[in-house]
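**Student:** Could you work out the structure for the sequence below:
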Amino acid sequence: MSLRQALDRFLPWIEAELQEIVQTSCQGLEPYYGMMRYHLGWVDDHLQPVRASGGKRLRPVLCLLCCQAAGGDPWQALPVAAALELVHNFSLVHDDIQDSSRYRRGRRTVWDVWGIAHAINVGDGLFVLARLALDRLNARGIPPAQCQAATFALDQACLALCEGQFFDMAFEQLLNVDLNQYLAMIQRKTAHLFAASTLLGAMVATEDKAQLEGYHRFGEYLGMAFQIQDDILGIWGDERTTGKSAATDIRDRKKTLPIVYALNHPEKRDLAHQLMELYAHPGPLHETEIRAALEILDQVDARRYAEEMADQYYHQALHSLEQMPIAPEARSLLVELAASLVGRQA
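**Tutor:** Numbers count the residues shown, from 1 in each chain. Predicted coordinates:
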């Protein structure tokens, strides 16, 4: 089976599971659940059916592939896969509010359409639905002890995500963010949910601690590589591919890896100081300031540094896979998915 065939098989399952979870039998609550469904790409802002982008469902696909690789039945892991996607989307709804982002995936964000108060409530609802989704594991034949362990693992990932978001927002007010602080932030905000995706998929299939630790490492390293690659695209990405303007992260004064590297460059202190001055003022940077920042990043070779670090984490992820007893076909699918997530060729 190729990755394309696996996606063609799994994505309809994931959508069906999510559709079953994000619904209500109370007519008066239809608008509330409609806002959730809008964010997930199923309805328009008039709550009429539409086929819009709701994201790539990366985490649930990763979950199902790891379940299969560990010798389990991916159908049994669907509640976990749906829970992971709902957690991811609860964080996005809240993140859009915190960043004052008016657009996501080419459409207005929930808060921009219905207001901040409703958007907070929508995000909270998605979070609770994620936890309730795990109750569906019982009906799939998963023993209670494994269900409890899955719930604990997901809760740990959720808390880490919130901690990472705190760091990310706190960094907006700081100029002296160093590499260790940055890595701690993305580990919590991004990598832990990737690690939960690979771990939870495997947990449905096996209780072997060594295997579970291996899948967790694979997901965490992959999440780190994915976030650093996203940092690169946030500055130098093609708008036709990313869906957002190039240098968006610079405009918004985000402390992503290339910026952190330039601000802490051990040799070119003059350039670091110039960049610090650009980032010192509140509000979005203007075009001339963005160009100046890009020139500084070019002079310190920040893109190469970030690409090399993403590559290191990517190969650590692959190394983790190599250490585990996985059938060649299942390993190949995970390698191909990992490569696609970080812009590599398998």
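**Student:** Just want to check the distance between Lys189 and Tyr279.
**Tutor:** 20 Å (CB to CB, to the nearest Å). To be clear about C-beta, it is placed using only N, CA and C from the backbone, and glycine gets the same treatment.
**Student:** What ranges in the protein fall below the confidence cut-off?
**Tutor:** Scanning the chain for pLDDT under 70 picks out 239-246, 345-346.
**Student:** residue closest to the middle of it?
**Tutor:** Thr190 (5.3 Å; CA atoms, centre = their mean).
**Student:** Looks to me like that one is in a strand.
**Tutor:** No: Thr190: not assigned to a strand; according to DSSP: H, G, I helix; E, B strand; the rest coil it is helix.
**Student:** quick one: what helix or strand has the closest residue to it other than its chain neighbours in it?
**Tutor:** Nearest non-adjacent residue to Thr190, counting by CB to CB, 6 or more residues apart in numbering: Gln227, 4.1 Å away. Using DSSP states H and E, Gln227 sits within helix 209-236.
**Student:** Pull the distance from that helix to the chain's centre.
**Tutor:** Averaging C-alpha positions (CA atoms, centre = their mean, to the nearest Å) puts helix 209-236 10 Å from its chain's average.
**Student:** likewise stretch 114-124?
**Tutor:** 20 Å.
**Student:** Could you check it and say which residues are buried?
**Tutor:** 114, 119, 121-123 (16 or more other CB atoms under 10 Å).
**Student:** Name the nearest of those relative to Tyr305.
**Tutor:** Comparing those against Tyr305 with CB to CB picks out Gly123 as the nearest, at 34.4 Å.
**Student:** who's in contact with that closest one?
**Tutor:** 90-91, 93-94, 97, 110 (CB atoms under 8 Å, 6 or more residues apart in numbering).
**Student:** Narrow these to those in helices?
**Tutor:** Counted as lying in helices by DSSP state H, out of the contacts of Gly123, are 90-91, 93-94, 97, 110.
**Student:** Let me have those in CSV, adding neighbour count and distance to Asn176 as columns.
**Tutor:** Converted to CSV, the ones in helices among the contacts of Gly123 look like this (neighbours: other CB atoms under 10 Å; distance: CB to CB, whole Å):
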residue, neighbour count, distance to Asn176
Phe90, 23, 31
Ser91, 22, 26
Val93, 24, 31
His94, 21, 27
Ile97, 18, 27
Val110, 26, 34
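**Student:** Let's have these in TSV, adding distance to Lys255.
**Tutor:** Formatted as TSV, the ones in helices among the contacts of Gly123 follow (distance: CB to CB, whole Å):
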residue	distance to Lys255
Phe90	24
Ser91	18
Val93	23
His94	19
Ile97	20
Val110	26
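**Student:** Show the backbone phi and psi for Gly54.
**Tutor:** In terms of degrees, to the nearest 10, the main-chain angles of Gly54 are phi -110, psi 20.
**Student:** my read: it touches Arg105, true?
**Tutor:** Yes: counting by CB atoms under 8 Å, Gly54 does reach Arg105; the two are 7.3 Å apart.
**Student:** These two: which is more packed in?
**Tutor:** Gly54 (18 against 15; other CB atoms under 10 Å).
**Student:** could you measure the more buried one against Tyr182, distance?
**Tutor:** From Gly54 to Tyr182 the distance is 29 Å (CB to CB).
**Student:** try Pro74
**Tutor:** Pro74 is 35 Å from Tyr182, by CB to CB.
**Student:** if we can go back for a sec, most widely separated two among the ones in helices among the contacts of Gly123?
**Tutor:** Maximum distance among the ones in helices among the contacts of Gly123 (CB to CB): 12.7 Å, for Ser91 and Val110.
**Student:** Closest one of the ones in helices among the contacts of Gly123 to Ala339?
**Tutor:** Ser91 (25.1 Å).
**Student:** who's in contact with the nearest residue to that closest one once chain neighbours are set aside?
**Tutor:** Closest residue to Ser91 apart from its sequence neighbours, by CB to CB, 6+ apart: Leu161 at 5.6 Å. Leu161 sits next to 87, 91, 188-189, 192-193 when contact means CB under 8 Å, 6+ apart.
**Student:** now do 6 Å
**Tutor:** Listed by CB atoms under 6 Å, 6 or more residues apart in numbering, the contact set of Leu161 reads 91, 189, 193.
**Student:** so can I have a markdown table of these showing distance to Gly343?
**Tutor:** Listed next are the contacts of Leu161 as a markdown table, based on distance: CB to CB, whole Å:
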| residue | distance to Gly343 |
| --- | --- |
| Ser91 | 23 |
| Lys189 | 20 |
| Leu193 | 20 |
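**Student:** Without its sequence neighbours, what residue ends up closest to Thr151?
**Tutor:** Leu134 (5.2 Å).
**Student:** surely that neighbour meets Ala149?
**Tutor:** No: when contacts are counted by CB atoms under 6 Å, Leu134 is not listed as touching Ala149 (10.5 Å).
**Student:** These two: which has the busier surroundings?
**Tutor:** Leu134 (21 against 17).
**Student:** how much space between Ser320 and Tyr215?
**Tutor:** 8 Å.
**Student:** So for these two, which sits in the more crowded spot?
**Tutor:** A direct count of neighbours by other CB under 10 Å for Ser320 and Tyr215 places Tyr215 higher, at 29 against 20.
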